[in-house]
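[1] sequence and predicted model, in that order:
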Amino acid sequence: MDELRNLKNKIDVYNQVLTNTNNYRKTWRVSLKKEIIQHLEFIIKETAITAKIEERDKLENLGSIIMSLGNQESGIYEKVSEDLNKQLLKQNGILAYQQLFNGKIQVLIIYPFIEGHGEPRPPKMLGIYRPEEIKFPFIVRHCEEFIKEVTYWEDYDDDEPSSIAAQQIGFKRQE
């Protein structure tokens, strides 16, 4: 029936998406997560950056790989009493490859933050990729963007206003 042609086409697309999800999950399990870890370890070795790779896989088909720049004392203290200070810790930033429910891989930058000092900045999504798209050059670019963003966070000042701040100059300015 001609009336069902569009519906049949949509069902075909739906079934293909379900097949893709299963294939993406299998690729992650069989090869991709190992490749990502190897590429990140190679980058760490070749650049001598202080970072650690961690695999998180408590939930099957929702795993993640993170490259963490670690934690350290922030140099900021909370005065607990006259004789006692509590050191606030700083998380130095994370580059995360996270498997989504559909088997695709989301790449995120989690910004540095200091515990107990304001709210952490929301993560920056670098993209969502099919497993076959994640190759070494992409991972290098993700690392470059990650280092650029954490460097900007560490060196924050108002010398170079962001495009949002530049647009906000002037009270309720309309153009």
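    Great, that's in hand. Residues are numbered from 1 along each chain as shown.

[2] from here on, just use CA atoms for contacts and neighbour counts.
    OK.

[3] which residue ranges of this protein form strands?
    52-56, 64-68, 71-81, 84-91, 94-99, 105-110, 113-114, 124-129 (DSSP state E).

[4] looking at the ones you listed, which has the lowest confidence?
    The minimum mean pLDDT among the strands of the chain belongs to strand 71-81 (a mean of 70).

[5] re the thing from before, tell me the most buried of the strands of the chain?
    Neighbour counts averaged per stretch over these are highest for strand 94-99, at a mean of 25; criterion: mean count of other CA atoms under 10 Å.

[6] and Ile109, how far is that from Ile53?
    14 Å (CA to CA, to the nearest Å).

[7] who's Ile66 bridged to?
    Glu54, Ala96 (DSSP bridges).

[8] that one and Ile53 touch, don't they?
    Yes: using CA atoms under 8 Å as the test, Ile66 is close enough to Ile53 to be in contact (5.7 Å).

[9] identify the residues contacting Val140.
    By CA atoms under 8 Å, 6 or more residues apart in numbering, the contact set of Val140 is Ile43.

[10] if we go to 6 Å?
    For Val140, the contact set (CA atoms under 6 Å, 6 or more residues apart in numbering) is empty.

[11] that older thread, how about the strands of the chain in JSON lines, adding distance to Val150?
    Converted to JSON lines, these look like this (distance: least, CA to CA, whole Å):
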{"stretch": "strand 52-56", "distance to Val150": "16"}
{"stretch": "strand 64-68", "distance to Val150": "11"}
{"stretch": "strand 71-81", "distance to Val150": "13"}
{"stretch": "strand 84-91", "distance to Val150": "11"}
{"stretch": "strand 94-99", "distance to Val150": "9"}
{"stretch": "strand 105-110", "distance to Val150": "9"}
{"stretch": "strand 113-114", "distance to Val150": "10"}
{"stretch": "strand 124-129", "distance to Val150": "11"}
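
[12] Asp2: which of those is closest?
    strand 124-129 (35.9 Å; CA to CA).
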